[in-house]
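In: with the sequence up front, the predicted model follows.
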Amino acid sequence: MDMSLAIFYVFAVVLVFAAFRVITAKNPVHAVLYLVLSFFNSAVLWMLMKAEFLAVSLIVIYVGAVMVLFLFVVMMLDINFEKLRQSFWKFLPVAGTVAAIMLAEMVLILTHRYAKIDNVVEPSFDTASAEVLGKLIYTEYFLPFQLSAVLLLVGMVAAIALTLRKRKNTKYINPGDQIRIKREDRVRMVKMKSEPKFVADDASAGEDKPAA
Amino acid sequence: MTWTSLNPWVATPEIFLLCAVCAILLIDLFISDAKRGITYVLTLLTLGVTAALVVAGHEPQARLGFSNSFLADALSDYAKLGMILGVALVLVYGRSYAKARGLYRGEFFTLALFSLLGMMVMASAVNFLTLYVGLELMSLSIYAMVALNRDSFASTEAAMKYFVLGALASGMLLYGMSMLYGATGTLDVFAIAKAIQQGSANNLLVVFGLVFVVTGLGFKFGAVPFHMWVPDVYQGAPTPMTQLISTAPKIAVFVFTLRVLAQALEGFAPDWRGMLMILAVLSIGLGNITAIAQTNIKRMFGYSTISHMGFVLLGILVATPNGYAASFFYVMSYLLMGAAGFGVLMLLSREGFEADQIADLKGLNQRSPWFALMMLFTMFSMAGIPVFLGFFAKLSVLKEIVNMQMVWLAVVAVAFSLIGAFYYLRVVKVMYFDNPESSEPLIAGFDAKVVLSINCLLLLVLGLMPNTLMTVLIDAVQRSIIPGVH
Amino acid sequence: MDMKSIYLLIPLAPLFGALIAGLFGWLIGRRAAHCVTIAGVAVSFGLSAYVLQYLLAGGESFNGTVYTWLTVNGVDLNVGFLVDNLTAMMMCVVTFVSLMVHLYTIGYMHEDPGYQRFFSYISLFTFSMLMLVMSNNFVQLFFGWEAVGLVSYLLIGFWFKRPTATFANLKAFLVNRVGDFGFLLGIGLVLAHFGSLDYAEVFAKAPELQNATISILPGTTWSLMTVTCILLFIGAMGKSAQFPLHVWLPDSMEGPTPISALIHAATMVTAGIFMVSRMSPLFEMSETALNFVLVIGAITALFMGFLGIIQNDIKRVVAYSTLSQLGYMTVALGASAYSVAVFHLMTHAFFKALLFLAAGSVIMGMHHDQDIRNMGGLRKYMKITWITSLLGSLALIGTPFLSGFYSKDSIILAVQASTLPGAGFAYFAVVAGVFVTAFYSFRMYFLVFHGKEQWMQKDHHHAHDADAHDEDEHHHGLGPNDKPHESPWVVTLPLVLLAIPSVLIGAWAMTPMLVGDFFKDVIFVNHDLHGAMAAVGEHAEDWYHMGMHAFVTLPFWLAVAGVASAYFFYMVKPEIPAALDRFFTSIGVKKLLEEKYYMDHLYINGFAAGGRALGTVLWKVGDTLLIDGLVVNGTAKLVGLFSNLTRRIQSGYIYHYAFAMILGALLLLTIWLGGLLQVQ
């Protein structure tokens, strides 16, 4: 058992634990923090595979930018996660059983001696992996790379389309319209005879109350 | 990497489409709501030019490009034409509907075009990475389109379900693909096939990955048991989006399936045939039976799609070029039938009124005999009544199944189709024998009415001459998929 | 314009007219409806005449596929045309008579609310009939066959509010089903043993299969040709109303008179004759089949003529006459004189259409009274109708130099020369038939046009008001003080135009058709075995000599005797028929004839009632109890139950859905896992 294998197992166990806590943590802020932890661990695993550029960018982009944003959102929203998770515990026995069977089967197959891959391609670079990656992206993987860019564009368009809209219950007012308003638009003078004395009964009194 | 291996001209239609959609995205910003017609026309124009480019670029032999990750062959070209038609029909039929519901916005058009781009990439991609990105491009655009009507609770919920379940399915697909990569050491469709043929692949891992790939594909087809999203999304989504989901993407997924199963994993046909058989039988059975209990017609169409996709899977599992061609014919036919069905529903909808119950079709014959007749054609075609297109689609699939000595499968399919005929005929009965509940005139643009009529009449006309379309599609598949040659 | 487009245009022009009049008749009105259909048929007729002229001038006949509908197991189902002399002649006859009937209909139907519908139907019929005769394969033949049957059904029941009309069209439909069943079996045999449905290919292969046998019942071997031909002929028996499938034709007179002329006299009913002539290469290979054809034809020719004598409805007299004449044509087919049969078909089409249209004109003059006992002396009031009727009747009975004479005498000559076992009986039948034909034709003629004006008498016979639609608007028949009037020109013009070929065409066309090579390469006759054509040929060299020779032959004098006895019985001594009537009633013959040899009883009370009784039992036990009760309702309940169950699974919760997906993946994994680990 060499050193890298030991490192792999340590970080893999932490990764699985962190991922499990993401979905079981009661406090949403804790859940996000566990997610950050799991990203760190994945980054280490990538590092073990000599993909240091990816590992670094995972931390910079996801941990540094995305998760911080996420944390803000979670803190600002007032959602009772515990209520949402009630059925989680209710269905855990069934779901857990199925998950266990699935896991068992997968382990059974993937640890089978025939599942061992002989011709593993060890990455061997002369230069930094970022450079190799850059070259590949702009040559061999040009098409998927460009399409990923389109995918991000679609994400942007979709996000704007779904959020940029006039809310029905918005209280926004246009100052220009307010200034231009004339008395005639708002007040109408009506001439009428004086009414007989107002008789107040219980029902009408009830109506006068402001709606709670 | 040279200019030759890049060979970007194989993707001329896609490149044009991408440029055009970016242009429309910008132009639309400067167009007021009242002049949205410009965007509409530009979009249709883009579709037309894209189709023309596909036709113009069509060559008898297949052409590779983008470092062997993109393939323009007869199969992809015909599939692309089908998808373009499908998207165009969505826009034409959906225009009045979208207008009445505040969906008549630039994003409606651009997202539809982006999803088309994704589908076209799916049809041509021969590298798992490209295939996957194409699939996501298509899916993401459609998720957003389903959610576009933010004021509708049902739409938002449908989009949410679609998105979450779709992400799960994508995850499984990606997991399966990664297993295939591990087993063969490559992501290229033809290289994988070659590795399997030469015995250098790890068979255990291939089959393991195959299970997850089939799961992912099953989700996109809406095959049982990965179908649960279908009825809810069909019902909740605005009707044009439902039409989009049920028509063009099915062609894309069909070609995707052929690329992955028939071309890359041809050597594992016995395995995936068994898996598809389970999915197909469950889909045809459950789809047809559950459709009977529906009162919402969009939901009913959802179950109907499930059963139709079961037939498509039946054709694929024959695993011969003729079988694939029969399925290709089926998805193409279904494109026309599905578009027609939803087209009539949108014709009946108007501002503040959503025609989505079977009861909304009551007495259609008295309100508009012509469109009642058109809907009758559609229903008959979907039910597989002879001389209509749907009959020949079913027949061609069943013929291939019987040729493969799987008579019991054909018998099961026919039995459930007969049960299924009930709910189609119920729609006809409601249209012709019940009294109308409303006497509102049908509002729709002249273009939609004309195109819809042509669409429905095609179901009859193509049924009268099924050989024309069938020969073309068989030829396309036979030229593109040659067993044992990679 | 090349010939192929012309051939395409010929059937499509009437179809176009039919579609316009049928679908948009309500929109374009009556005038436009008849204009468009007449224009369609006129175009069709003009082009047909051009095609005939082109072929006569030595043009190439055409045989080719226009469109392949679909291919099933290597057999192509095509739409194709075979245009040779036979086809061209049929096309001319069909389109000409159809054109005349279209014109006539303007006058005859002008009060009817279903005016546009009627025009649409008759144009559709023209299209179907053209498709039938122009076909080059069995599938299209069958299509045309069924299509004319369908239009016939629609037209017999044109006044569908009258129970007699709906009964008659149902009867026509069902009886034709019997014939079609045989026809379809015949086509099936052809496909099974010849491997093709194309005429040319089938005929080319026929000599190889001349001695082939098939075994239908174990232990028996039957000649393939005989079985095929008889089955095909059964189809012809249905369509051409041959005994015993003739019962529908008299009842079909419930339809309006123009269609009686077009469909039930001139064209559709001759489809069987045409088909057998077309199949002559097959029929020539089976003596048995030819003999069968001969005997059936002879029975029809004679016995249907007898029934014509006792009819009092003017249209029914003509209808039985049609049956009898169809029998003559069939006899000619049986005697291998196909060209004679087709020749008679052509002449008959003209004079029988004329007689029907004249009858229609009389009916209009009589204000829709069809009983000939109420008529009389009409020659004074309806001059054109009278003259043309007389010419038609003379042609029918075979007066020398008129068209009917040449064709009918040729048939008699052919039968005389035939050596088949049934030829003796057939000869007797056709010769005796001459007398019968002359008798009933002139009985009708004298009763209608000569003698006293019977409608002026008080006691009206109210037999059969076939054309009695619009019950409220019309009074039926004339009152004692009314005067019949001649019909408008649209009615009389077709009469005149039809009278011309009725008189002339026989002399003109006989020599080329019977002796010349008009039917060379079209109709195939095995001259070594069947010498009938040779015998006819000796006489048919010259129309003048044949006409002169007639005065010393038996048939001529029999015809004269028929006319004379009709005159004597009905004009001079009307007591005699009354006395004969009483006599025949007392010995039961009258009853036999009135009941039409009890054929209807047999069918309605025997087959139909038996079938219904069997059906009722099967329905009660099989359908209601077993299928409806157990299978259908049981299945429906089960499906409904299951349907509700699966609907409940669709809970709407996203985690349920995801769970189902994972279960599905697990299922696949589990099934394939076992296999995987074992195989490895």
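Out: The structure has been received and is ready for your questions.

In: okay, buried residues for the host helix or strand of B:Met172 please.
Out: In this structure, B:Met172 sits in helix B:153-184 according to DSSP states H and E. In terms of neighbour count (16 or more other Cβ atoms under 10 Å in any protein chain shown), helix B:153-184 has its buried residues at B:155-166, B:168-170, B:172-177, B:179-184. Using the backbone N, CA and C atoms, a C-beta is placed for each residue, glycine as well.

In: now swap in stretch C:489-509 and tell me
Out: So, applying 16+ other Cβ under 10 Å, buried residues of stretch C:489-509: C:490-495, C:497-499, C:501-503, C:505-507, C:509.

In: do the same with stretch C:413-423
Out: C:Leu413, C:Ala414, C:Val415, C:Gln416, C:Ala417, C:Ser418, C:Leu420, C:Gly422, C:Ala423.

In: what helices or strands is whichever strand or helix holds the second one leaning on?
Out: In the assignment (DSSP H and E), C:Ala414 maps to helix C:403-417. Packing partners of helix C:403-417 (3 or more Cβ pairs under 8 Å, 6 or more residues apart in numbering or on different chains; DSSP states H and E): helix C:314-334, helix C:338-365, helix C:383-397, helix C:423-449, helix C:489-510, helix C:532-539, helix C:543-549, helix C:554-567.

In: relative to helix C:554-567, how tilted is whichever helix or strand comes after the last one?
Out: For helix C:554-567, the following helix or strand on the C-terminal side (DSSP H and E) is helix C:575-587. Using axes from the mean of the first three to the mean of the last three Cα atoms, to 10 degrees, the inter-axis angle of helix C:575-587 relative to helix C:554-567 is 100 degrees.

In: can you name the next helix or strand after helix C:575-587?
Out: Next element after helix C:575-587 (DSSP H and E): helix C:589-594.

In: so what touches that next one?
Out: C:Phe306, C:Leu307, C:Ile309, C:Ile310, C:Asp581, C:Phe584, C:Thr585, C:Tyr598 (Cβ atoms under 8 Å, 6 or more residues apart in numbering or on different chains).

In: average pLDDT for that helix?
Out: Across helix C:589-594, the average pLDDT comes to 71.

In: what's the answer for stretch B:383-398, then?
Out: pLDDT averaged over stretch B:383-398 gives 91.

In: can it be found next to chain C?
Out: No. Stretch B:383-398 is not in contact with chain C by Cβ under 8 Å from any Cβ of the partner chain; minimum separation 8.5 Å.

In: show me which positions of that stretch end up buried.
Out: Under the neighbour-count criterion of 16+ other Cβ under 10 Å, stretch B:383-398 has B:383-385, B:388-394, B:396-398 buried.

In: tell me which of those is nearest to chain C?
Out: B:Phe392 (8.5 Å; Cβ to the nearest Cβ).

In: give me the contacts around the host helix or strand of the closest one.
Out: For B:Phe392, the host element (DSSP H and E) is helix B:389-403. With contact meaning Cβ under 8 Å, 6+ apart, helix B:389-403 is reached by B:311-312, B:314-315, B:318, B:320, B:322-323, B:325-327, B:329-330, B:333-334, B:336-337, B:380-385, B:407, B:409-410, B:413-414, B:417, B:458-460, B:462-463, B:466, B:470.

In: among those, which ones are buried?
Out: Looks like the contacts of helix B:389-403 have B:311-312, B:314-315, B:318, B:320, B:322-323, B:325-327, B:329-330, B:333-334, B:336-337, B:380-385, B:409-410, B:413, B:417, B:458-459, B:462-463, B:466, B:470 buried, using 16+ other Cβ under 10 Å.

In: who in chain A is up against chain C?
Out: Residues of chain A lying near chain C (Cβ under 8 Å from any Cβ): A:87, A:91, A:94-95, A:98, A:101-102, A:105-106, A:108-109, A:112, A:114.

In: so which of the residues you listed belong to strands?
Out: Among the residues of chain A next to chain C, no member falls in strands (DSSP state E).

In: out of those, grab the one that's most surrounded.
Out: Within these, most neighbours by other Cβ atoms under 10 Å in any protein chain shown means A:Ile109, with 22 neighbours.

In: so how far is A:Leu45 from that residue?
Out: Using Cβ to Cβ, to the nearest Å, A:Ile109 is found at 21 Å from A:Leu45.

In: ok, and the closest non-adjacent residue to B:Glu136?
Out: A:Leu151 (5.9 Å; Cβ to Cβ, 6 or more residues apart in numbering or on different chains).

In: neighbours of B:Leu103, how many?
Out: Residues near B:Leu103, counting by other Cβ under 10 Å: 21.

In: Three-state assignment for it, please.
Out: coil (DSSP: H, G, I helix; E, B strand; the rest coil).

In: excluding its backbone neighbours, what's nearest residue 128?
Out: Just going to use chain A. A:Phe53 (7.1 Å).

In: if you could check chain C rather than the one you did, that'd help
Out: C:Ala147 (3.5 Å).

In: residues contacting the closest residue to chain B within the stretch 101-250 of chain C?
Out: Going by Cβ to the nearest Cβ, chain B is nearest to C:Phe143 of the stretch 101-250 of chain C, at 12.9 Å. By Cβ under 8 Å, 6+ apart, the residues touching C:Phe143 are C:Met131, C:Leu132, C:Ser135.
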